[in-house]
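Q: Sequence below, structure please.
(chains A and B)
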Amino acid sequence: MNEILILMKSEWVLLLIIIIFLFIKVGSTEWKNENLLYLANILLLINFILGFVLNTDGIIFDEMFKTNSLICLEKNILNLGTLLISLQSYHWLKNHKHVAEFYMLLLSTLLGMFFMISSNNLLMFYLGLELSTIPLAALANFDLHKRQSSEAAFKLIISSALSSGLLLFGISLLYGTSGTLNLSEISQHLNGSNLQLFAFILLLAGFAFKISAVPFHLWTADVYEGSPVAVTSYLSVISKGAVLFVFVSVLYTVFKSLGIAWQNMLILLSVLTMIIGNLFAIRQNNIKRLLAYSSIAQVGFILAGISGCSQLGTTSVIYFILIYVFSNLGAFGVVSIISSTTGKETISDYKGLYKSNPFLSWTITIALFSLAGIPPTAGFFGKFFLIMSAAQNGNYLFISIAALNMVISLYYYLILVKAIFMDKNEQAIEKIHVPILPKIAMLICTAGIIIVGLYGEIYEYIFKLSFGY
Amino acid sequence: MENTLQSVPQNWYLLLSSFLFCIGVMGVLFRRNAIIILMCVELMLNSVNLLLVSYSSYAGNNDGQVFVFFIMVVAAAEVAVGLALLVSIFRNIASTDIDVLSKLKW
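A: Numbering: from 1, shown residues only, chains lettered A, B, ... in the order given. Just a heads-up that it's a prediction; the model follows:
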């Protein structure tokens, strides 16, 4: 009993917070939105801090649920990202009627992701995945009166249903050929037969849908544009990050023996994802769509790192996602503030932003530099390790394509920076008063971008934890 | 019970459920009515259920059958949310034809 309490403590804490919000919602006292938001952020901060204590290894529930220090680290990264998003969405939620519901849905998806990361059984994995996607569709529809929002939500639920169907078919074939649902037992029953390879391809397609890798990326930009900015940033950072964590661990532990087969598939996916993500990002005019395609391109780089298949692969992916949380949330934080105060979302609206809002301009610029991978920022180191991991295969054509794509991506990030700093604009965005909570989130993001890159201990720490995974 | 299930060769189950699954996928990709799309998603999930039950019988353990129950539950939840969203769309555009949903595009 005690073991269940301690090993699942991150899940228990989240569940407790969800129940608190449920009681607040059904209770008779009317809460003011400001107070509710402060309470939510304090609870999330406590949740984040509790993530660092009492971390033990273990397997419970008939080998369904496993945890170890690497998994705890991954959960902490997701907790941090959720806290930052919650701080940033203060300005948007302040005038919204359904704050308690927002947090209930948001934290249920986070709970689903935690179960998914900790799963050691395909059933557990599937349930976690569904718990993390179904409430997200409801969240995407959170601007109830907006047509784009409901359109985005419907596209999200249909594409996630399709992808989980593919994933399930793969799971059932895998179960049929190995006779078990337990992930560590499946890895002993892999023999590389055609049916198993087919099952693997279906699983890969299901995963590729969730992380929006290229032949399966079509839903991404539409959903990102239509959803509220807070949900968009959650989709692009937390949901994607969680699936990538699971993807790495499933590939490296379960399918290790089929390594040669999937490395080439991943290289192909990665090249397609990088090129198409970057080329489509160039022609975007809406800043949320631009960031959507840029996040597709970033996934291409992460897939490149995964194709290395070694301890360096795991480390570089987790390290990059940590950096990606800071840099993408830095960019989305600014977009969120500007969109919720003025409703402006196109690149031409950002012209001359520096004149009126220097703080916002510097925050988004540093974040974009980190996304592009310009040296003093952390993004450079993240991409450096990913490409180093990809280089282990000795496929230099692939490395050069990745390097070329970094140059292409610079183009559209710098166009935005140029618009902010150099272009003149008659109707520039006026001076925006940034509330204290979003300001804190932006400062944390900026500090994270600089510190994570320069402080080498963090990389060493992740490398040490990921030994053997 | 087990013998009845096993009186049909295992490959036939695989063929039947692959066939149903393909119909489901094609329906999701090519039909234009949102409700039919949701029905095709159900068809995909149910073909998986069939496959899991037959495999479970042949493998001699119950894991697959337990999985089927969970898939049913999740499918119900998914359709509940999907239909709720459809109602919200219908309020905005007064149609369930997804071709009208092209406000967002590249």
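Q: Where does pLDDT dip in the chain?
A: Since you didn't name a chain, this refers to chain A. A:1, A:468-469 (pLDDT under 70).
Q: that's the other chain; I wanted chain B
A: Within chain B, the stretches with pLDDT under 70 are B:1-3, B:96, B:98-106.
Q: Give me the nearest residue to residue A:180, chain neighbours excluded.
A: Distances taken as C-beta to C-beta, 6 or more residues apart in numbering or on different chains put residue A:186 closest to residue A:180, at 6.1 Å, once the chain neighbours are dropped. The way it works is simple: take the backbone N, C-alpha and C, and place the C-beta from them, glycine included.
Q: Within the helices and strands, which one has that neighbour?
A: In this assignment (DSSP states H and E), residue A:186 forms part of helix A:183-188.
Q: immediately after that helix, which helix or strand?
A: helix A:194-211.
Q: Show me how far that following helix is from its chain's centre.
A: Here the centre of helix A:194-211 is set off from its chain's centre by 20 Å, with C-alpha atoms, centre = their mean, to the nearest Å.
Q: cool, and stretch A:7-21?
A: 21 Å.
Q: Could you list the buried residues of it?
A: Within stretch A:7-21, the residues scored as buried using 16 or more other C-beta atoms under 10 Å in any protein chain shown are A:7, A:8, A:9, A:10, A:11, A:13, A:14, A:17, A:18, A:20, A:21.
Q: which of these sit farthest apart?
A: Spatial extent of the buried residues of stretch A:7-21 (C-beta to C-beta) is set by the pair A:7 and A:21 at 24.5 Å.
Q: ok, back up a step: show me what contacts the residue nearest to residue A:180?
A: Residue A:186 is in contact with A:122, A:174, A:178, A:180, A:254, counting by C-beta atoms under 8 Å, 6 or more residues apart in numbering or on different chains.
Q: 10 Å instead?
A: Residue A:186 is in contact with A:121-122, A:171, A:174-175, A:177-180, A:196, A:250, A:253-255, counting by C-beta atoms under 10 Å, 6 or more residues apart in numbering or on different chains.
Q: Take those and lay them out in CSV including neighbour count.
A: Output for the contacts of residue A:186, formatted as CSV (neighbours: other C-beta atoms under 10 Å in any protein chain shown):
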residue, neighbour count
A:121, 23
A:122, 25
A:171, 27
A:174, 27
A:175, 24
A:177, 19
A:178, 20
A:179, 18
A:180, 18
A:196, 22
A:250, 19
A:253, 16
A:254, 20
A:255, 21
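Q: In helices, which of the residues you listed fall?
A: Among the contacts of residue A:186, the ones falling in helices (DSSP state H) are A:122, A:171, A:174, A:175, A:177, A:178, A:196.
Q: Considering those, which is situated nearest to chain B?
A: Nearest to chain B among the ones in helices among the contacts of residue A:186 is residue A:175, at 5.7 Å by C-beta to the nearest C-beta.
Q: Give me the subset of the ones in helices among the contacts of residue A:186 that also touch chain B.
A: A:122, A:171, A:174, A:175, A:177, A:178 (C-beta under 10 Å from any C-beta of the partner chain).
Q: Apart from its chain neighbours, what residue comes closest to residue A:159?
A: residue A:219 is the one closest to residue A:159 (C-beta to C-beta, 6+ apart), at 4.0 Å.
Q: Look up how far chain B lies from that neighbour.
A: 10 Å (C-beta to the nearest C-beta, to the nearest Å).
Q: That residue contacts residue A:225, doesn't it?
A: No. Look at residue A:219 against residue A:225 with C-beta atoms under 10 Å: they stay out of range, at 11.0 Å.
Q: More neighbours: which of those two?
A: Neighbours per residue, other C-beta atoms under 10 Å in any protein chain shown: of residue A:219 and residue A:225, the larger number sits with residue A:225, 24 against 18.
Q: Contacts only, for residue 21.
A: By default, I'm working from chain A. So residue A:21 contacts A:36, A:39-40, A:43, A:99-107 (C-beta under 10 Å, 6+ apart).
Q: ah, I was thinking of chain B
A: Residue B:21 sits in contact with A:165-166, A:168-169, A:172, A:202, B:43-48, B:50-51, where contact means C-beta under 10 Å, 6+ apart.
Q: So for the helix or strand harbouring it, what gets flagged as buried?
A: According to DSSP H and E, residue B:21 maps onto helix B:10-30. Within helix B:10-30, the residues that qualify as buried are B:13, B:14, B:17, B:20, B:21, B:24, B:25, B:27, B:28, counting by 16+ other C-beta under 10 Å.
Q: mind listing the helices for the stretch 1-150 of chain A?
A: Counting by DSSP state H, counting those that start in this stretch, one finds helices in the stretch 1-150 of chain A at the ranges A:2-7, A:9-26, A:33-50, A:69-88, A:90-93, A:99-118, A:122-140, A:147-178.
Q: In CSV, list those helices along with distance to residue A:318.
A: Shown next, in CSV, are those (distance: least, C-beta to C-beta, whole Å):
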stretch, distance to residue A:318
helix A:2-7, 21
helix A:9-26, 17
helix A:33-50, 17
helix A:69-88, 7
helix A:90-93, 28
helix A:99-118, 11
helix A:122-140, 18
helix A:147-178, 23
